[in-house]
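Participant: 3D model of this:
(2 chains)
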Amino acid sequence: SAVISQKPSRDICQRGTSLTIQCQVDSQVTMMFWYRQQPGQSLTLIATANQGSEATYESGFVIDKFPISRPNLTFSTLTVSNMSPEDSSIYLCSVEGTGNIQYFGAGTRLSVL
Amino acid sequence: GDSVTQMEGPVTLSEEAFLTINCTYTATGYPSLFWYVQYPGEGLQLLLKATKADDKGSNKGFEATYRKETTSFHLEKGSVQVSDSAVYFCALDTGRRALTFGSGTRLQVQP
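Facilitator: Numbers count the residues shown, from 1 in each chain, chains lettered A, B, ... in the order given. Sure thing, here's the model as predicted:
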C-alpha cells in the first residue's frame, strides 16, 4: 500500500485567487492522478501526472486553470487558478500502487467565496 | 466511452439487514472492477476488487462478483453494521490506469 499526505486539508479562498495543493507519497510511484469531487457528485479525473513529462489533461480541464507539477517520484502539486465559486470541490490525489490498485489521499476541501 | 452506473441513494437499512448496491458498467475490453468506500470526512479506501470474469472480491464481509454476461459488479453484505454507514463507489479501469467512477451510493445504517 501507499500512504499519501495532502495539504492543505481544507481552505476557504477568495474569488480570483489561486491555491496550490500538495501531494506527498511515502514511496516512489510512476503515475499520480488528480481528481475532483464536486458537492454530492462522483469523482472526475482532472489529469494524470508522470514524473519528467507534461501532465495529461482530461476533456474539460486545461493547464492554464489547473497547472500541475511533478518534480520527482514522490511529490506533485495541483494549482487551482483564478478561482470562482464553481471551483468549490474536494480535490483528491491518488497514486497507482502494487497490483495496479489506486490509493487516495484524504483530499483537500476547497470553498471559494 | 466507459461508464459506471450505480443505484441511487441514500439506502437506509436497519442494523443486521442484508445489503445490495447495484453496479453495472459499459467498457471496451475487459476492465478491472473496484468498490471504494468513503467514510465521513475521509478519503477513498479500496474495499475490494476483481480483475476478470467470475472473480469474486471480498473484504470485511462485503462481496462482489464480476459478471461479464450482465456487465455487473453488485456489492453485497449479509449483515450491515452502523459502522458501515458511508458512501460506496463502484469503479472500473480499462487499462489506462485512471479510474472511471459511478455516482456513489450513500448507505445509512440505523441501530
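Participant: Show me which residues of the worst-scoring helix or strand of chain A on mean pLDDT are buried.
Facilitator: None of the helices or strands of chain A scores lower by mean pLDDT, DSSP states H and E than strand A:102-104, at a mean of 90. Buried residues in strand A:102-104, counted by 16 or more other CB atoms under 10 Å in any protein chain shown: A:Gln102, A:Tyr103, A:Phe104. Backbone N, C-alpha and C define where each C-beta goes, glycine included.
Participant: how far is it from where the chain is centred?
Facilitator: 12 Å (CA atoms, centre = their mean, to the nearest Å).
Participant: circling back to that earlier point, which of the buried residues of strand A:102-104 are close to chain B?
Facilitator: A:Gln102, A:Tyr103, A:Phe104 (CB under 8 Å from any CB of the partner chain).
Participant: In TSV, list these along with distance to B:Leu47.
Facilitator: As requested, those are arranged in TSV below (distance: CB to CB, whole Å):
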residue	distance to B:Leu47
A:Gln102	13
A:Tyr103	13
A:Phe104	12
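Participant: wait, A:Met32 sits on A:Arg70?
Facilitator: Yes - using CB atoms under 8 Å, A:Met32 makes contact with A:Arg70 at a distance of 6.5 Å.
Participant: So if I had to pick from those two, which one is more boxed in?
Facilitator: A:Met32 (26 against 20; other CB atoms under 10 Å in any protein chain shown).
Participant: Of the ones next to chain B among the buried residues of strand A:102-104, which is the nearest to chain B?
Facilitator: A:Phe104 (4.2 Å; CB to the nearest CB).
Participant: which residues of the chain fall in strands?
Facilitator: No chain in the question, so chain A it is. Using DSSP state E, the strands found in chain A span residues A:4-7, A:10-13, A:19-25, A:31-37, A:43-50, A:56-57, A:68-72, A:75-80, A:89-96, A:102-104, A:108-112.
Participant: wait, chain B
Facilitator: Counting by DSSP E, the strands of chain B are B:3-6, B:11-14, B:19-21, B:23-26, B:32-38, B:44-50, B:56-59, B:62-65, B:75-77, B:86-93, B:100-101, B:105-110.
Participant: For the longest one, which residues meet the burial criterion?
Facilitator: Judged by neighbour count using 16+ other CB under 10 Å, the buried positions of strand B:86-93 are B:Ala86, B:Val87, B:Tyr88, B:Phe89, B:Cys90, B:Ala91, B:Leu92, B:Asp93.
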